[in-house]
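In: Below are the sequence and a predicted model; questions follow.
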Amino acid sequence: MLDKARLPGVHARDDVTCPYCFAVVPLQRVRFRCRGQAGRRPGCAPVLDQRLADYTGSTAGASLPPVFSASGRRSRAACPDCGQETGSRVCPECHNPLPSAYCDSPGRIVALVGAKNAGKSTYIAVLLHELMNRVGTELDASLVACDDRTIERYKRDFARPLLEERRLLPTTTSAATSPREPLVYLLTRSRGGGRFARSRNDSLALVLFDTAGEDLRSREVRDLHLRYLEAADAIIFLVDPLELPGARAEVADGLPPPTTSEDPDSEPINIIARVTEALRERNGTKPGDRLRVPVAVALTKIDALRPGLLKQSALRRTRDGVGVLDLDDREAVDEQVRAMLHDWQAGRLDLYLRQQYAEYALFGLSALGGIPHDGKVGAGGVRPYRAEDPLLWLLYRFGMLDGARPGSGRFGRRAAGM
């Protein structure tokens, strides 16, 4: 399956999907924002941008230089009022910024979904940190926030408490009572080139909602989440293995047994089924046809399982950072997780995915890399284990990452220290 042709883009290259409001608009209709005044430089004065204020729900920060119409196919345009040239393109619907790299080579939107206790907030914090540092270096890729709101929210709600203060992140509250915005990043990877050859850049719009389980059944907030999912070029489902009844006997010695939740939103298959049916309804998929969006399903918190369970397991291997996807390793992990699901009497999850999606892959990871205690990260700090695997597979499916099979020792493996 992994050697087949890559999945084509959902939208034509003449269209761009706004990573904020998820409107699909022709590139020609993308607008520009004037550079405005700065020092002695002439320019338009700030005015209230009502569309942006409507999107954010506040006029704070919405007084900006005006937006004007020009061909969004061009990277720059002159403001018709002040004559100053600008390269700041914005969505014509919500007036949020659209990065140049995202417009010039339309990115992909990756949706993140999971039940309340799956560790979504922790996973977001760790994945973004890895992409900004170790994994980004491995892939020759940069990860840049697309707006100041994303920068501030990541520092305040994710990086500072978890990575600096080593505090566990609280359970996500419903967006109905605490409205949230997506975290919007642009991942740009340099491909090809050499000493005299010209390299090209590929981009991925990484748009992440920290979605509470009840948000997918609340009419008040469901519409934006469904537009987010409908616009997605791929979906990552996070599954807490301790919510699978058959896995509860596999908890490592010394840890308290997981509590049984009566909340239907804690059942992984219920979350996946709710998303699947919503996508079918919105996309008009015929009964019996499988959805084409690629899906990565990741078991989180595998560090909480008994060490003997993972002995000589594909999940115990660490990746060698060689900037390609090891296809043999990918298939071995997929088979291992599938076997674990069936051993835990959770095989219906695998069956449902096979029936509903044309392409899906299974993963096992740990965002923390150790067991937390008393609301704090373990003594060793945050030590993520294979947290990037789902995204690397998706980069491969998008044609942004090469795949290879072990040859002359290039993919040597070593045992993980879990």
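Out: Nice, thanks for sending it over. As the structure is a prediction and not an experimental result, all values here were calculated from the model.

In: what residue ranges in this structure score low on pLDDT?
Out: Counting by pLDDT under 70, the ranges of the chain that qualify are 1-13, 105-106, 172-180, 192-199, 210-222, 253-266, 308-312, 321, 407-418.

In: just so I have it, where are all the helices in it?
Out: 50-56, 100-104, 120-132, 134-139, 148-153, 219-231, 268-283, 327-343, 347-356, 389-397 (DSSP state H).

In: got JSON lines for those, with distance to I371 and mean neighbour count too?
Out: C-beta coordinates here come from the backbone N, C-alpha and C atoms, glycine included. Shown next, in JSON lines, are those (distance: least, CB to CB, whole Å; neighbours: other CB atoms under 10 Å):
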{"stretch": "helix 50-56", "distance to I371": "39", "mean neighbour count": "17"}
{"stretch": "helix 100-104", "distance to I371": "39", "mean neighbour count": "18"}
{"stretch": "helix 120-132", "distance to I371": "13", "mean neighbour count": "23"}
{"stretch": "helix 134-139", "distance to I371": "22", "mean neighbour count": "18"}
{"stretch": "helix 148-153", "distance to I371": "28", "mean neighbour count": "15"}
{"stretch": "helix 219-231", "distance to I371": "31", "mean neighbour count": "17"}
{"stretch": "helix 268-283", "distance to I371": "21", "mean neighbour count": "17"}
{"stretch": "helix 327-343", "distance to I371": "19", "mean neighbour count": "18"}
{"stretch": "helix 347-356", "distance to I371": "25", "mean neighbour count": "16"}
{"stretch": "helix 389-397", "distance to I371": "21", "mean neighbour count": "23"}
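
In: out of those, nearest to L238?
Out: Closest to L238 of those, according to CB to CB: helix 120-132, at 5.8 Å.

In: got the angle between that closest one and helix 389-397?
Out: Orientation of helix 120-132 against helix 389-397 (axes from the mean of the first three to the mean of the last three CA atoms, to 10 degrees) gives an angle of 60 degrees.

In: got CSV for the helices of the chain, with distance to V207 too?
Out: Output for the helices of the chain, formatted as CSV (distance: least, CB to CB, whole Å):
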stretch, distance to V207
helix 50-56, 14
helix 100-104, 11
helix 120-132, 11
helix 134-139, 18
helix 148-153, 10
helix 219-231, 7
helix 268-283, 16
helix 327-343, 24
helix 347-356, 23
helix 389-397, 13
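
In: Which of those sits closest to R167?
Out: Of all the helices of the chain, helix 120-132 comes closest under CB to CB, at 10.8 Å.

In: helices or strands up against the closest one?
Out: For helix 120-132, the packing partners by 3 or more CB pairs under 8 Å, 6 or more residues apart in numbering; DSSP states H and E come out as strand 110-114, strand 141-145, strand 183-191.

In: ok, residues contacting that helix?
Out: Residues outside helix 120-132 that contact it (CB atoms under 8 Å, 6 or more residues apart in numbering) are 112, 114, 136, 141, 143, 154, 157-159, 162-163, 168-170, 172, 183, 185, 187, 206, 208, 210-211, 238, 300, 367-368, 382, 384, 387-388, 391.

In: Could you export it as CSV, CA atoms only?
Out: Extracted as CSV, the C-alpha positions of helix 120-132 are listed here (Å, rounded to 0.1, in the frame of the first residue of the first chain):
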residue,chain,number,x,y,z
LYS,A,120,-4.3,16.1,22.3
SER,A,121,-3.0,19.2,24.0
THR,A,122,0.2,17.5,25.1
TYR,A,123,0.6,16.0,21.7
ILE,A,124,0.2,19.4,20.0
ALA,A,125,2.8,21.0,22.3
VAL,A,126,5.4,18.2,21.8
LEU,A,127,4.8,17.8,18.0
LEU,A,128,5.3,21.5,17.4
HIS,A,129,8.4,21.6,19.6
GLU,A,130,9.9,18.6,17.7
LEU,A,131,9.2,20.2,14.3
MET,A,132,10.8,23.5,15.5
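
In: quick one, it and strand 110-114 angle?
Out: 150 degrees.

In: Give the closest residue to F237 in space, chain neighbours not counted.
Out: V297 (4.7 Å; CB to CB, 6 or more residues apart in numbering).

In: That neighbour: neighbour count?
Out: Using other CB atoms under 10 Å, V297 has 23 other residues around it.

In: That one and G43: what is the separation?
Out: 50 Å (CB to CB, to the nearest Å).

In: got it, and Q336?
Out: On the measure of CB to CB, Q336 and G43 end up 59 Å apart.

In: Ok, V251 next?
Out: 61 Å.
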